[in-house]
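> I'd like to go over a predicted model; first the sequence, then the structure.
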Amino acid sequence: MGAVGAGSAALLVTTVGQTLGGPFRNIALLAPRGRDQGDGPNDFPVNKTAAYRHIKPSQTGASWHLTLATAAGSMASLSRPQLLELGLHTDELPIACVEGWSTVQRWTGVRLRDLAALAGEEEPDSVLVESLQQGGAFGSVLLSPTQLLDPQSLLALKVNGADLSPDHGFPARVIVPAAPGVHNTKWVRQITFTKS
Ligand SMILES: Nc1nc2c(c(=O)[nH]1)N[C@H]1C(S)=C(S)[C@@H](COP(=O)(O)O)O[C@H]1N2
Ligand SMILES: [Mo]
């Protein structure tokens, strides 16, 4: 019992350190991997960093385009400036990681359902989101029609008013409500809307 109690106390201290951020963050010894959390608007926990996933600046610079595809084969390709000119929405939504932390941030981006409409498939049966990430876990996710149609589901381009940092998924990432953190794919390269 004593040992269990001590363990819980240590965990609590760790969590408090994480929540406080700033100088206290460094005393959170068990803080989520990814330590370099970025500054200011991007200063919140990172799951896997861009470096860890081998995302290169050459892939995320001006040459980056989002590809929208459908089963019918229609394709659209949008640069980041083009995405920023679409109707943008801002919402506070959490990332809840199964590793034991969660954080609420203010995200700005394009609604996933608006991207489906752009692709010409407004009622797909499934939505496959693929990252620039090659190999490793969490490089893609299959979203449901319910997640797609939710007006809070975004392809986020900004957080707390600033561009996403590389570690938080620049140039674009998924943010969907009420889902495990792994659904929030970072460094998105392609979204495929499929109708069976
Ligand atoms: N491409 C990619 N996306 C990813 C991950 C990843 O490893 N690769 N990690 C996921 C996990 S487990 C979580 S909890 C969130 C964390 O987002 P954050 O690092 O911006 O806080 O990103 C998700 N998106
Ligand atoms: Mo996670």
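Yep, that arrived. Ligands and ions are numbered 1, 2, ... in the order given.
> how near is the closest residue to ligand 1 within the chain to Thr108?
When scored by C-beta to the nearest ligand atom, the chain has Gly181 as its residue closest to ligand 1, at 2.4 Å. Quick note: C-beta positions are derived from backbone N, CA and C, even for glycine. Per C-beta to C-beta, to the nearest Å, Gly181 is found 19 Å from Thr108.
> Now for this protein, the helix or strand with the poorest mean pLDDT.
Least confident helix or strand, the chain: helix 2-20 with a mean of 41, by mean pLDDT, DSSP states H and E.
> downstream neighbour of that one in the secondary structure list?
Sequence order places helix 57-60 as the next helix or strand after helix 2-20, per DSSP states H and E.
> Need the residues that contact that following helix.
50, 132, 166, 170-171, 187 (C-beta atoms under 8 Å, 6 or more residues apart in numbering).
> when you check ligand 1, which of the residues you listed turn up near it?
When contact is defined as C-beta under 6 Å from any ligand atom, these meet ligand 1 at Trp187.
> who in the chain is up against ligand 1?
Residues of the chain lying near ligand 1 (C-beta under 6 Å from any ligand atom): 45-48, 53, 95, 97, 131, 133, 138-139, 168-169, 181-182, 184-187.
> Can I get the buried ones among those residues as something I can paste into ChimeraX?
Buried residues within the residues of the chain next to ligand 1, by 16 or more other C-beta atoms under 10 Å, are selected in ChimeraX with:
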select :45,46,47,48,53,95,97,131,133,138,139,168,169,181,184,185,186,187
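> Inside strands: which ones of the residues of the chain next to ligand 1?
95, 97, 131 (DSSP state E).
> for this protein, what are the low-confidence residue spans?
Counting by pLDDT under 70, the chain has low-confidence residues at 1-39.
> what about the longest strand in it?
What stands out as the longest strand in the chain, according to DSSP E, is strand 101-111.
> Need the residues that contact the helix or strand that comes right after that strand.
Sequence-wise, the next helix or strand downstream of strand 101-111 (DSSP H and E) is helix 112-119. Residues outside helix 112-119 that contact it (C-beta under 8 Å, 6+ apart): 68-70, 74, 76, 78, 86-87, 122, 124, 127, 143, 147-151, 153-155, 174, 176, 191, 193.
> ChimeraX command to pick out the buried ones of the residues you listed?
Entered in ChimeraX, the line below selects the buried ones among the contacts of helix 112-119, by 16+ other C-beta under 10 Å:
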select :68,69,70,76,78,86,124,127,143,147,148,150,153,154,155,174,176,191,193
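> Next, check the contacts of helix 112-119 against the strands and list the overlap.
Reading strands off the contacts of helix 112-119 with DSSP E, I get 68-70, 76, 78, 127, 143, 154-155, 174, 191, 193.
> what two of the residues you listed have the greatest distance between them?
Using C-beta to C-beta, the two most remote members of the ones in strands among the contacts of helix 112-119 are Thr70 and Leu154, lying 20.0 Å apart.
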